[in-house]
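# Got a sequence here, can you build the structure:
(chains A and B)
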Amino acid sequence: MASLMALTALGAREPAVVEIGPLRITERTDLALASVAARRGRMADLAAAAQTAGVPLPEAARHQAGTSYSAFWTAPEMWFVEAPFGSHEMIADLLKTTLGDAASVTEQTDAWVAFDLAAADPAPLLERLCNVDFRAVPKGYATRTVVEHLGVYLVKLDQGTVRLYGPRSSAESLLHALEGAAASAW
Amino acid sequence: MSQSHRIEGGQIDRTKTLRFTFDGVPYQGHPGDTLASALLANGVRLMGRSFKYHRPRGPISSGSEEPNALVELRSGGRQEPNTRATVAELYDGLTANSQNRWPSLRFDAMGINDKLSTFFAAGFYYKTFMWPKSFWEKLYEPIIRRAAGLGSVTREEDPDAYDKGFLHCDLLVIGAGPTGLMAALTAGRAGKRLILADEDFRMGGRLNVETFAVGQALGADWAAGVVAELTSLPNVRLMTRTTVIGAFDHGIYGAVERVSDHLLAPAQGKPRQVLWRIYAGKAILAAGATERPVAFENNDRPGIMLAGALRAYATRWGVKVGERVAVFTNNDDGIRTAIDLQAKGVDVVAVIDSREGGALLPGIRHLQGAEVIDTSGKLGLKSVTIRQANGRSETIAVDALGVSGGWNPNVNIHSHHRSRPVYDDAIAAFVPGQDGPPGLSVAGAAAGAFSTHAALKTGRDAAIAALDLTGAAPDLPEAEDAPTRVTPLWFVHHGKGRAWIDQQNDVTVKDVKLAHQENFTSVEHLKRYTTLGMATDQGKTGNVIGLAVMAELTGRSIPDTGTTIYRPPYTPVALGTLAGRSRGKEFKPFRLTPSHHWAKEQGAIFVEVGNWLRTQWVPKTGETEWRQSVDREVLATRKSVGICDVTTLGKIDIQGTDAGAFLDRVYANTFSSLAVGKCRYGLMLREDGIVFDDGTTARMGENEYVMTTTTANAVTVFRHLEFCRQCLWPDMDVQLISTTEAWAQFSVAGPNARNLLEKVVDQDISDAAFPYMGAGNVTVCGGLRARLFRISFSGELAYEIAVPTRYGDALLREMLSKGAEYDPIVYGTEALGVMRIEKGHVAGGELNGQSTALNMGLGKMVSKKKDSIGMVLSQREGMVQENGYRLVGVKPVDPQGKLTAGSHFLEKGAAAVAANDGGWLTSKVYSPHLGCDIALGYLKGGDRKIGQRMRIVNLLGNLDTEVEIISPHMFDPEGERLRG
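Numbers count the residues shown, from 1 in each chain, chains lettered A, B, ... in the order given. So this is what the prediction gives:
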C-alpha cells in the first residue's frame, strides 16, 4: 500500500476523543463510506444485488446495521453505505463490483467527518444544535439536518448514541459547535 | 436608611441580603426582588428621565409593560441599555445606572425641554427642521439624537455567549398564571408533551400578587403546588425566565430564555440567553392582562403607579411605595388594591372613584364621582388635587397614587399573524379577534375572562379543546368569580396642562388632539405622527388610551376607531440573542483545505473565499511585501514548477446511462462525444443565456463523468443540476453527488510539472500516454488510488492530481520532497490570478452574472447543433450585437502606468461622462513577465479594437492612463507551453 500518511479531518494523526461533562465525542476515522443510488428503473435489481451482498437498504429516514455493511437513507432510491475502513477502504470499488450497473456508486469516505456522540441523554445537546426531536424519533432514525450552518447527517444509533456526519473541511468548526453546545447543555 | 419601605410578607428571602448600586449609591435587597422592588423598598422612586421632556419618572408597573423605569444594567461589555428595572432580577453585586440624563438623575440639564414643551408637540421636528434642507443631516439630527433617547450602547464587545435551539411539544402554554397553570395541569396529567413558559422567574402570574384563595390555599401557594406537580411529570418542561416573543408560521414560536441574567456573570461555558424555536402542535396564549392608567394632568410623577402594581409591590415584594396612599379608579379592581393595601397596614387616605353610586368602602374615605385633576411634587409625588362629584376641588397630601383605568388583555401574540383585536364593551377593552395563528387559542384574562374562576376554567377547557382530551380533567378549585365592573374613563377633562398617555414617548392628550386637528385621525397615522405606542414598551399601557382619546375627539366609537396591531418581539430582545453563535470569527464555519496545516506551518497568508480559507500566498524569509511573494511564485512556476491546492473547486460526480446527454443539456457545448479518459472545458449558461459557471468535466467511464465548477458556484451548480435532474428531466437516468471534499486536488503547473509528477505517480504519464486534456484513474506513491487530469489554468504544462482527502497533506509534502530537484514552490490564489489573467482565462470578475459567452470571446462554444439551457436566449438580438462588450487584454502604453479594476474605457480626448463609456476593467494584476500592470476588461466592440490606444479612467481613484488594447491571451498565445 501507499507510503502516504493519512491525516484526520482535524489535521491530526489520531482521531480525536473529547469529553465534556457526560458527553463523549469520538471522531470516527475507521469508517468507509460510499453513496449508492439506483439507476433509473433498476431498483429491483439493486435490491436483489444488495440483499445478496449483505448491503441493507433501509426505508426513508432510517439507518440499518448489517454485518459488514450498514446503511442509511439519504434521498429517494439513494443511500450512504458504511463499512469498516480497515477492510473496506476501497468501498466504492467493492460495491460497484457487487451491485453492477444497477447502481451508481461514489466514494464518500473523505467527504465527511464522522463524530459519534455518546451520553446517557444527548437531547439537551442536540436541541441546541439542530431541529431534530431526538427523544421522539426512534432508534435507527437518520436524517439530514443543519448544525451551525453546516449540512450534516444525523443517525440515532441508540437512545444514547448519535452519529453525525459533517462536511470534512469544516470539521474544526463542527467540533467547536459541539463543544460549545455541550458546555451549555450540561 | 436601609429598606425603609419594606413591610411584612412577600415572596422574598429575608434570610439573605443582596447588595447592589444604583447611580453609584449602595443599596440592599433580597432574593426574590426585582431591581424596581428593591429600589422602592429603599425609598427610591425616581429611576429615570423621560424620552423627550426629560421629566423625572419612576416605575408605573411591576412587570414587562414598564415604560419608565429603564436603566443601564451592568457595566463594561455587559452593559445593557433600556433594561426594565421592573423585571431585572436582583443579584448580589448588581450595578445599574439611570440613563438619558445629564449631569445627574436628580438634576438633569435637559429638563429645560420640559419648560419648552410648547415647542415640542407632535410633529414638531417635521415642521421645524425642514429648512434649510442641508442642515438636517449635519446639524439638526445629531443635536436631536443627543437630547432625546434612551440608554447608551457599550462600545465594548459582549463577552457572553448566546445559544439557539429547537424544542418540540404537543402543547405550548404561554404564561403561567392561573390560566396557564390550569391548562398545563390538564395537558400534563393527560401525558401530553408540554412546554409551559413564563417571562417571570416565579410561576403563578397574578396569583403571586393577590391575597385571595384558590381552593383551600392562598393563590400563590396553590400555584406553587401545581408547579411542583408539573415539575414531577417527565412529559412537562417548565421554562421560567422565558418570554415567548412571537408566533411564526406553522406552529413555530420564538422564545428567549434568560439563562444567566439573574447572575453576576454566566457560569463557565453557559450562555447568557437562549433563543428557542418551539415547534408546537398547539398553543394556548395565557398571557394575562395589563392594567392601563387614566390620563390626567401631571399623571407621570414618580409615585404614581398602576394600582395593581402598588398592590403587587406590597403583596409579592413586601414593599409599600408610599406612606400615604390614594387610589384613583374607574373599576372594582382598583377597589381591591385599596382594600389589600389597607390590610397590609398602608395608610390609604382616599379612594377616588370616578363612578357614581354603589356601596361605599368601609373604613376608607371613598369619594364617588370624583377625579384626580392635578398632582404636585417635582421629583416625586407630594399631593393630588381632586375634583369631587359636587365640583369642589381638594388637595390631598399623598406620596403614592394607584391608578386603575381597567385592564387590557395581552392579545399581542394572537395578533402576530395580523389578527385584529375586537373591542368588548363589557370589559371596555380589546380582546382577541378572529383568524389568529392556526393552532393558537387564547384563554383567561388574555381572552378577557378576568376572574380567577374564569381563568382556571378557560385554561382547563382550552387544553381539553386543543388536544381533544377525552379522559377525566382536573377538578376546578374554588376561586373568586367577581364580575368585571368598569366604567370607561380614558382621560380627565380638566385644565390646559399635559396629561400623559404614553409615558415612554412623552405622548400627551394634547398631542392626540393636535394629530386630530391636523387630520391624522387613523390609528396608524396617529401612531406615526405622535410616536404613540413605539419604542421598547410598544405601548402596552398607553395604546388603548390614545386611540380612545382619538375616538372621543372624532365622535366615533372605539371599535370604529380601531387599534393598531402587534409584531414580534413581545418584549425587546438583545441583538446578541438573535445572532447566537454567529459572530466575529465564528460568524460562519470555516472550510479548511487539505494543505491548510502545511500552509499554516509555512506562515502562509489566507484569504476567505466563501467559507474556505485558501492560501493567498506563501511568504519566504526576507519578503516584506506581498508582491514580492506573488511575483516569485509566478516566476518560479513558469520557470520550473508550482503547486496549488485547488480542492475548493466544486466536484460533482455524474453517473447514469444518460449522463452524457444530461451534460449536453446543461452545458452550452457538447460532452456526450467526449472520449473516455478525456476532459473538456465546459460553459454553463443560465436560462436567460448569461454565463452561469465554467469548469472542466472529465469522462471517467462510459456512464461516469466528473464535473468541476468554480469555487464560488460549487453549491449553486449542484443545486441547479439537481433541479434539472429532478424537475426538468425526471426521465433521464442520471445520478449526482458532490465529491468536492472527498478528494484533495492539487494543480501542478510549469515546465517541470510532468517531471515532478513522475516522482509520485506509479503509471506512465508521458505526453504520449497521458496527452493534453487526458483524464483517468492512476495510483500514487505505491498504490494509493488517485485521479489525474491534464488541464491548465495557468497556461503551463499542468496537471491536476487528486487523492482521498486524508492523504492530501502527505501527497503535497511528498511532491515537494521527491521533486526537490525541480525547486517546486506552492503558490496561492494571487499567483493563480496573475497567471490566469496573463493567459486570458475568465474567472469571478468576468463571470459576473451579466455576461454572455460572446462577451467572453467564447461565443463559438455555444453549440447550435443541440438544445441546451440558455442557448436560445443567448442568441437574442441585444446579446449578439456586433458592438457589444468583448473581452480584451489591456496594458499601459507606459510600463509604469497604473490600472485598477473597475476603471472605465474612454476614447482618447473623450470627456469622462457616462455617454462616452466604452466598458470597464474586470480584473487587473501586475505581470512579472510583461513587467507592467495588465488587465482584462469588457470593451464595446473590443474584438475590433485590438492594437488601438485608449484611456483607462477612474474618477474615484484619480486615474487616467493611456493603454493599448491587446488580445486577452497575453502570455504564450499559441498555447505551446501547455501542450509541451
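
# what's near enough to touch the residue sitting nearest the centre point of chain B?
With distances taken as Cα atoms, centre = their mean, the residue of chain B nearest its centroid is B:Leu578 (4.7 Å). Taking Cβ atoms under 8 Å, 6 or more residues apart in numbering or on different chains, we find B:Leu578 in contact with B:Leu275. For glycine as for every other residue, the C-beta is placed from the backbone atoms N, C-alpha and C.

# Can you report phi and psi for it?
Phi and psi for B:Leu578, reported as degrees, to the nearest 10, are phi -70, psi -30.

# distance of it from B:Asn82?
Plainly put, B:Leu578 is 16 Å away from B:Asn82 if you go by Cβ to Cβ, to the nearest Å.

# Kindly report the same for B:Tyr772.
Separation of B:Tyr772 from B:Asn82 (Cβ to Cβ): 68 Å.

# And B:Asp645, by the same measure?
Taking Cβ to Cβ, one finds B:Asp645 at 49 Å from B:Asn82.

# higher neighbour count, those two?
Higher neighbour count among B:Asp645 and B:Asn82: B:Asp645, with 26 against 21, using other Cβ atoms under 10 Å in any protein chain shown.

# residues near B:Thr593, how many?
27.

# brain fart, B:Gly941
Neighbours of B:Gly941 (other Cβ under 10 Å): 15.

# check contacts around A:Ala75.
A:Ala37.

# bridging residues for it?
Assessed by DSSP bridges, A:Ala75 has beta-bridge partners A:Met78.

# Name the nearest residue to the residue of the stretch 201-350 of chain B found nearest chain A, ignoring sequence neighbours.
Closest residue of the stretch 201-350 of chain B to chain A, Cβ to the nearest Cβ: B:Gly269 (3.0 Å). Leaving out its chain neighbours, the residue that sits closest to B:Gly269 by Cβ to Cβ, 6 or more residues apart in numbering or on different chains is A:Ala183, at 3.0 Å.

# on contacts alone, who are the packing partners of the helix or strand where B:Ala224 lies?
Applying DSSP states H and E as the criterion places B:Ala224 in helix B:219-232. In terms of contacts (3 or more Cβ pairs under 8 Å, 6 or more residues apart in numbering or on different chains; DSSP states H and E), helix B:219-232 is packed against helix B:178-189, strand B:213-214, strand B:236-239.

# Up against chain A, what does the stretch 601-750 of chain B have?
Residues of the stretch 601-750 of chain B lying near chain A by Cβ under 8 Å from any Cβ of the partner chain: B:611-612, B:647, B:653, B:655-658, B:703-704, B:731-735, B:737-744.

# change it to 7 Å
Residues of the stretch 601-750 of chain B lying close to chain A (Cβ under 7 Å from any Cβ of the partner chain) are B:Asp653, B:Gln655, B:Gly656, B:Thr657, B:Asp733, B:Gln735, B:Ile737, B:Thr739, B:Glu741, B:Ala742.

# Next, the contact list for the third one, please.
Contact criterion Cβ atoms under 7 Å, 6 or more residues apart in numbering or on different chains gives A:Arg39, A:Arg40, A:Ser104, B:Asn703, B:Asp733, B:Val734, B:Gln735 as the residues in contact with B:Gly656.

# One more pass at 6 Å, please.
Shown in contact with B:Gly656 (Cβ atoms under 6 Å, 6 or more residues apart in numbering or on different chains): B:Asn703, B:Asp733, B:Val734, B:Gln735.

# So what's the residue count around the third one?
If you count neighbours by other Cβ under 10 Å, B:Val734 ends up with 30.

# Same check on the second one?
For B:Asp733, the tally of surrounding residues (other Cβ under 10 Å) stands at 19.

# Checking it next. Helix, strand or coil?
Using DSSP: H, G, I helix; E, B strand; the rest coil, the three-state assignment for B:Asp733 comes out as coil.

# Nearest residue to it in space, please, no chain neighbours.
Using Cβ to Cβ, 6+ apart and skipping residues adjacent in sequence, the residue nearest B:Asp733 is A:Arg40, 3.7 Å away.

# Quick check: which element contains the one you found?
According to DSSP H and E, A:Arg40 maps onto no helix or strand at all.

# list the contacts for the residue nearest to B:Gly318 when sequence neighbours are not counted?
Among residues not flanking B:Gly318 along the chain, B:Gly10 sits closest, at 3.0 Å (Cβ to Cβ, 6+ apart). B:Gly10 is in contact with B:Arg316, B:Trp317, B:Gly318, counting by Cβ under 6 Å, 6+ apart.
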